[in-house]
Structure formats: structure tokens, C-alpha cells
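In: Fold the following and give me the result.
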Amino acid sequence: MLKRGDQVPHFEVRTVQGGVFSYSTIWQRKNLLLVLLPKSSSDAGYISDLRAYESEFRSLDTECVVARDEVPWLRGPAVLLADRWGEVIHITAASESARSPAAYDLLPWLQYIENRCPECEGEAK
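Out: As a prediction, this is how the structure comes out:
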């Protein structure tokens, strides 16, 4: 399981819309919001909430990827936020019965990613 500060490995997933997303297409270009949903549930309302915030995600230079596929380094349901260089900034794993973070609650994390100063943080390490 990844944790804050780890690098996101390159991966591919099938999105809930049916397309294939390859992380290499946005690596070093956009931030990543990866939402992994359980295979056995209907999350139409949650997916709709995320879509309602797509313009805000885009304005924060973030690609929102929603999938039901599993990736070896992250067990769903989960939400992962990574900067454009692939550093995990925030990660939330939920149980099958717990709810993923609301789309609105993800915006402050994305704003943080856009406004942080990696050089300043490097001095603190």
C-alpha cells in the first residue's frame, strides 16, 4: 500500500466510463485524483458528485480518474491525490461500508498541491 511521500507507479485502469486511462499520459503534466470504487456497489451518486466538480479539478490542473479496477499498490475503495511528479500527497482508504471523501472535501487538497513550494518543503526534510 502506498503512503504519503511515495511515488505512484505507472499504471493503467479501465474507467467507469469504459475508457482506458494510462498514468503515463499525464505524468509530469497534471496532478492525479484517483478514485477506486468497489466492484460490487452502485456509486452513481458519488460518481455524479465527482463529475459535478470536474471544472474545478481541471482549473487545479488535475485529472480525475474513477475506476473499479484494482491496482496492486492500492486496495479499493480508496482515494489518492498525487502531484504532477507522482508524489502521493494524500491517500484515503475506506472499508467497503465506509463512504469515500466527498468531492467538495478533495478541493482543499488539490489547492494545496497547486500552491505548495516543493523547494521549501525540501529544506524541512
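
In: residue contacts, Ala103?
Out: Tyr46, Asp49, Leu50, Ala52, Tyr53 (CB atoms under 8 Å, 6 or more residues apart in numbering). Where you see a C-beta, it was placed from the backbone N, CA and C, and this is true even at glycine.

In: For those, which ChimeraX command selects only the ones that are buried?
Out: What follows is the ChimeraX syntax selecting those of the contacts of Ala103 that are buried according to 16 or more other CB atoms under 10 Å:
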select :46,50,53
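
In: Helices of this structure, start to end?
Out: With helices called from DSSP state H, the chain shows them at 44-52, 54-59, 103-115, 118-124.

In: Trp27: which of the ones you listed is closest?
Out: Nearest of those to Trp27, taken as CB to CB: helix 103-115 at 14.6 Å.

In: and the closest one with helix 44-52, angle?
Out: Here helix 103-115 runs at an angle of 40 degrees relative to helix 44-52 (axes from the mean of the first three to the mean of the last three CA atoms, to 10 degrees).

In: Show me which positions of helix 103-115 end up buried.
Out: Ala103, Leu106, Trp109, Leu110, Ile113.

In: and that helix, average pLDDT?
Out: On average, the pLDDT along helix 103-115 is 89.

In: just to revisit the earlier point, can you list the buried residues of helix 103-115 in TSV and add distance to Pro77?
Out: Rendered in TSV, the data for the buried residues of helix 103-115 read as follows (distance: CB to CB, whole Å):
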residue	distance to Pro77
Ala103	14
Leu106	14
Trp109	17
Leu110	19
Ile113	21
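
In: wait, which of these is closest to Asp83?
Out: Looking across those and measuring by CB to CB, the closest to Asp83 is Ile113, at 5.1 Å.

In: Is it correct that the closest one is in contact with Leu60?
Out: Yes: assessed by CB atoms under 8 Å, Ile113 is found in contact with Leu60 at 7.4 Å.

In: Common neighbours of the two, please.
Out: In contact with both Ile113 and Leu60: Asn31, using CB under 8 Å, 6+ apart.

In: Thank you kindly, that will do.
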